[in-house]
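Student: no sequence on this one, just coordinates:
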């Protein structure tokens, strides 16, 4: 009987915890991306602001993601007008616009 009581007490605690309550999130509320995705783009922007000649490999090391992920993030930042590439691929640099 004590096991059942322990289980019951734990399940009551979870229901009372606002983090685990299903009704704590309003219906139709937007789902936010994981913080790592947001912070990854911010890290890229800050790194390029500090060193515009930073390479994709260096950005991948800083953000701890693959070089391909860096390429995708750079493309998204370019498409939204946050950065632009000045000069050629080899020898050019990044300009942070906003």
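Tutor: Nice, I can see it. Note that the structure is predicted; figures quoted are calculated from it, not measured.
Student: please, where are all the helices along the chain?
Tutor: Assigned by DSSP state H, the chain shows helices spanning 2-16, 35-50, 56-63, 67-79.
Student: who are the packing partners of the longest one?
Tutor: Yep, that's helix 35-50 we're talking about. Judged by 3 or more Cβ pairs under 8 Å, 6 or more residues apart in numbering; DSSP states H and E, the packing partners of helix 35-50 are helix 56-63, helix 67-79, strand 93-96. For glycine as for every other residue, the C-beta is placed from the backbone atoms N, C-alpha and C.
Student: contacts for the second one next, please.
Tutor: The contact list for helix 67-79 (Cβ atoms under 8 Å, 6 or more residues apart in numbering) reads 40, 41, 44, 45, 56, 57, 59, 60, 63, 83, 84, 85.
Student: what angle do it and helix 56-63 make?
Tutor: 100 degrees (axes from the mean of the first three to the mean of the last three Cα atoms, to 10 degrees).
Student: picking that back up, using CSV, lay out the helices and strands packed on helix 35-50 together with mean neighbour count, distance to residue 49 and mean pLDDT.
Tutor: Below are the helices and strands packed on helix 35-50 laid out as CSV (neighbours: other Cβ atoms under 10 Å; distance: least, Cβ to Cβ, whole Å; pLDDT from 0 to 100):
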stretch, mean neighbour count, distance to residue 49, mean pLDDT
helix 56-63, 16, 12, 92
helix 67-79, 15, 12, 94
strand 93-96, 16, 5, 93
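Student: want to throw the ones you listed into CSV with distance to residue 50?
Tutor: Shown next, in CSV, are these (distance: least, Cβ to Cβ, whole Å):
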stretch, distance to residue 50
helix 56-63, 10
helix 67-79, 15
strand 93-96, 10
